[in-house]
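*Asks:* would you be able to build a 3D model of this:
(3 chains)
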Amino acid sequence: MANRVAIVGVGQTHHRSKRPDVNVPELVNEAVRAALADAQMKMKDIEAVFVSNMEMFEGIYLPDHWIADEDGNFMKPGFKIAAGGTSGIASAKEGWHFLSAGIFDTAMLIGFEKLDSGDTTAAITTATTLAWGKGEARGAIGEFAKQAANYMQQSGATDVHAAMVRLKADQCACRNEYAHLKLGLKSVDDILKSPFLEWPLRLLDFCPQSCGACALIIATEEKARKITKKPVWIADVVSVHQLPFRAGAFCDLDGREPYSEDLASVKLYKRNGITNVRRDIDMAEIYEPSNWEEMFLCEVFHFCEKNEGWKMIEKGMTGIEGEFPVNPSGGVISSNPIGATPTVRMAECALQIRGDAGTHQVTRDVKAAVATALGGPNWTAMVLLKRSL
Amino acid sequence: MAEKPSQEYVFVSYKLPLPYRWAAGKYLSKLYKEMRDHKKLVTNRCPQCRQLIWPPEMVCGRCKVRAGDEWVELSDKGKVVGYTYMVVPLWDPHKGMRVPEEHPYATILLDDGMYVVSRLEEKDKSKLKVGMRVQAVWKEEGRGHGLDEDILYFRTIG
Amino acid sequence: MVGKVEETERFLFDGKVDIPHKYSAGKVGSRFLIEMRDNEKIFGMRCPTCKLVYVPPRSTCKYCFEQLSEWVELSDKGTLLTYAVAHQATPIQPVKPPITYGIVQLDGADTGFVHILGEVEPTQLKVGMRMKAVFKDKKERAASILDIKYFKPLK
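*Replies:* Modelled structure (predicted):
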């Protein structure tokens, strides 16, 4: 009989573009101490540590060995997962499996990235196929520019809609003390004035490179109920991988190839009796590296009908006071420490369910939330978190 | 003796190009040979689902069977389904520097139903249109180094 | 029609991953390096619970997870724990080979300090030998671990 597993502690750093005052282990340590303080636990109570990070971004091989002393992993079991943007949820999934199976009773899940050490776009560019990607030095920016051009055409969304999504994200970020970019944008014109990076993607349409870490402490049911009065239950985790390195990697151009997001969400909803997404789930924290991608993801996660993602922002449905908040933390477009980002998505959902999100707590009562992660190329991971099972 | 640590921050810069040598493998080598010697695109067909596998591979990912040796020649004509162009040059790890790119990049649907990503010859942004017909322009002396070298770009033909 | 795969010539691609990186030493690491550059001093960090002194200094004790802040000035002399000689050249080496490396336990520290050994033939080295740090001239020092040129035997 599988154990029930809950998140009992949450900690994150204040995400920033540069952190010259800490090296990588010290950055991780900040999040770890914050999570231990939140759960009122000591490091000796943690039985295993699962880490998510991409080596190419910091240029240090085996970073989990480097941080072992500072993340409490010295002489403890655990491992690192490098799965692009899905890493945080992938390592959470592993932790959940181990605890469900009864191998450990407590574990820490850590995601981190210190992107002031290298060039993320260049590192992502190394994830290409020999056949054609090698000469195309555009990394994720190129992929999301293609996605934006494609979405504009298919759905009829305009750059004004994209700007509205960016404005909403910034307004949420300004209410979240941990968010990286707090620009204080006043209107869509502020976004439409920003220069192009790679047409049609503007500078403000794309996520920043952030330094940050996030740690979650999970425990099996019996321990969880002793540790906290507000456990956040991990109801289900689903991940789907797709054929990699196709042309148009982040969008399917002819309707033949199913999206990994579609497959993952249908599976998650079916397994958990979710028949009306916006009714049965109260909010979502999704991995959207660009505002155009957020509109598309709302469709493919079935928050709305196909080609209507832009209507959600037009009707103001996705803000903090909205009917179905999406990324009330400011989302990835405001903070993107890649290895930590999916862990932050889970952390933010947990805070919302607990009612502990402070100034960015959503108006709607959150009993169930979904956190998603997007990894290049074409991996999707989703977690369903609930206040009670 | 707990003194406050210094406020001057030290940085350690590090640039070490890591050399690699990648083998294209049996199936991709076949494609590159045809491109270099005959200026043709070829790929293999899965014996089970009968779909073309692109680029050619040993295993059909969908059916999980050996893809085999049924080779098909592809057209090098197609239509543009989406395009972008670079404004800010980005760092290319394969070259170790920022590389500006004057030509737009496009996702092109070849007439056989396969997608390629390649440069477009047309640099005038106002002339770019989704749906325009294009054809590959091959390098005189192919090097067998893949689509981004042996095909210079795609030229508008209609 | 295009020949069986077994008969095709094989294609190899030479490539590289060349991305510049810049690491932050952090507050603690910076002070360690600056003390070497400005004052020719080597500092470690003590854990008040375990009574261990780490050098180079760090912010967390790996055994008890205590947050550390007690700086300790260490001697520039120590005992040689082990050594090896690298003959093969690789791009990342700080000096040309052959390079003699050693781990020296500085007086006052509980950890080994890895560095280059100089002014000595490898055949003359013995585990347990007393060694002393030799710093570069002030104008050559740059807040780097190589501000110490090498460790030499203490006569």
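
*Asks:* rest of the way, CA atoms for contacts and neighbours
*Replies:* Will do.

*Asks:* so what's the residue count around A:Ile60?
*Replies:* 14 (other Cα atoms under 10 Å in any protein chain shown).

*Asks:* then it would be within a helix, right?
*Replies:* No. With DSSP: H, G, I helix; E, B strand; the rest coil as the criterion, A:Ile60 is coil rather than part of a helix.

*Asks:* check the secondary structure at the residue positioned nearest the centre of chain C for me.
*Replies:* For chain C, the residue nearest the mean C-alpha position is C:Val114 (4.5 Å; Cα atoms, centre = their mean). Of the three states, C:Val114 takes strand according to three-state DSSP.

*Asks:* now do C:Met36
*Replies:* Assigned state for C:Met36: helix (three-state reduction, three-state DSSP).

*Asks:* I'd say it and C:Leu146 touch.
*Replies:* No. Judged on Cα atoms under 8 Å, C:Met36 makes no contact with C:Leu146 at a distance of 9.6 Å.

*Asks:* so the residue nearest to the centre of chain C touches C:Ala84, yeah?
*Replies:* No. Checked against Cα under 8 Å, the pair C:Val114 and C:Ala84 is beyond contact range at 11.1 Å.

*Asks:* who touches both of those two?
*Replies:* Shared contacts of C:Val114 and C:Ala84 (Cα atoms under 8 Å, 6 or more residues apart in numbering or on different chains): C:Tyr101, C:Gly102.

*Asks:* show me which residues of the stretch 1-150 of chain A are close to chain C?
*Replies:* A:19-23, A:26, A:43, A:58-59, A:69-70, A:72, A:74, A:116-119, A:122-123, A:126 (Cα under 8 Å from any Cα of the partner chain).

*Asks:* among the residues you listed, which ones lie close to chain B?
*Replies:* Counting by Cα under 8 Å from any Cα, the members of the residues of the stretch 1-150 of chain A next to chain C near chain B are A:Pro20, A:Asp21, A:Asp119, A:Ala122, A:Ala123, A:Thr126.

*Asks:* which parts of chain B are strands?
*Replies:* B:11-14, B:18-23, B:41-45, B:52-53, B:59-60, B:65-66, B:71-74, B:77-86, B:90-92, B:97-99, B:105-110, B:115-119, B:133-138, B:151-156 (DSSP state E).

*Asks:* check the stretch 101-250 of chain A too.
*Replies:* A:106-114, A:196-199, A:201-202, A:211-220, A:232-241 (DSSP state E, counting those that start in this stretch).

*Asks:* any chance of those strands in TSV, plus mean pLDDT?
*Replies:* Conversion of these to TSV gives the following (pLDDT from 0 to 100):
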stretch	mean pLDDT
strand A:106-114	94
strand A:196-199	89
strand A:201-202	93
strand A:211-220	96
strand A:232-241	93
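
*Asks:* quick one: closest of those to A:Asp38.
*Replies:* strand A:211-220 (9.3 Å; Cα to Cα).

*Asks:* remind me what that closest one packs against, helices and strands.
*Replies:* strand A:5-12, helix A:24-39, helix A:87-100, strand A:106-114, helix A:341-354 (3 or more Cα pairs under 8 Å, 6 or more residues apart in numbering or on different chains; DSSP states H and E).

*Asks:* got CSV for those, with mean neighbour count too?
*Replies:* Below are the helices and strands packed on strand A:211-220 laid out as CSV (neighbours: other Cα atoms under 10 Å in any protein chain shown):
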stretch, mean neighbour count
strand A:5-12, 28
helix A:24-39, 23
helix A:87-100, 26
strand A:106-114, 29
helix A:341-354, 29
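
*Asks:* closest to B:Thr43 out of those?
*Replies:* helix A:87-100 (33.2 Å).

*Asks:* list the contacts of the residue in the stretch 151-300 of chain A that chain C sits nearest to.
*Replies:* Per Cα to the nearest Cα, A:Cys211 is where the stretch 151-300 of chain A lies closest to chain C, at 11.6 Å. Contact analysis of A:Cys211 by Cα under 8 Å, 6+ apart lists A:His15, A:Arg16, A:Ser17, A:Lys18, A:Arg19, A:Phe112, A:Glu113, A:Lys114, A:Leu115, A:Asp116, A:Asn336, A:Pro337.

*Asks:* repeat the analysis, applying 6 Å as the threshold.
*Replies:* Counting by Cα atoms under 6 Å, 6 or more residues apart in numbering or on different chains, A:Cys211 makes contact with A:His15, A:Arg16, A:Ser17, A:Glu113, A:Lys114, A:Leu115, A:Pro337.

*Asks:* beta partners of the fifth one?
*Replies:* Same thing as A:Lys114. A:Cys211 (DSSP bridges).

*Asks:* ok, residues contacting the lowest-mean-pLDDT helix or strand in chain C?
*Replies:* Ranked by mean pLDDT, DSSP states H and E, the weakest helix or strand in chain C is strand C:12-17, scoring a mean of 80. Residues outside strand C:12-17 that contact it (Cα under 6 Å, 6+ apart): B:Pro17, B:Leu18, B:Pro19, B:Tyr20, B:Arg21, B:Trp22, B:Ala23, B:Ala24, B:Pro93, B:His94.

*Asks:* can you list those residues in CSV and add distance to B:Ala67?
*Replies:* Formatted as CSV, the contacts of strand C:12-17 follow (distance: Cα to Cα, whole Å):
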residue, distance to B:Ala67
B:Pro17, 36
B:Leu18, 33
B:Pro19, 32
B:Tyr20, 28
B:Arg21, 26
B:Trp22, 22
B:Ala23, 19
B:Ala24, 17
B:Pro93, 32
B:His94, 31
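
*Asks:* that older thread, paired strands for the helix or strand just after the least confident helix or strand of chain C, with orientation please.
*Replies:* Sequence-wise, the next helix or strand downstream of strand C:12-17 (DSSP states H and E) is strand C:21-24. If you go by DSSP bridges, strand C:21-24 pairs up with strand B:11-14 (antiparallel).

*Asks:* got the CA coordinates for the strand it pairs with in CSV?
*Replies:* Output in CSV follows, covering the C-alpha atoms of strand B:11-14 (Å, rounded to 0.1, in the frame of the first residue of the first chain):
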residue,chain,number,x,y,z
PHE,B,11,35.4,36.4,-9.5
VAL,B,12,37.2,33.6,-11.2
SER,B,13,36.9,33.8,-15.0
TYR,B,14,37.1,30.6,-16.8
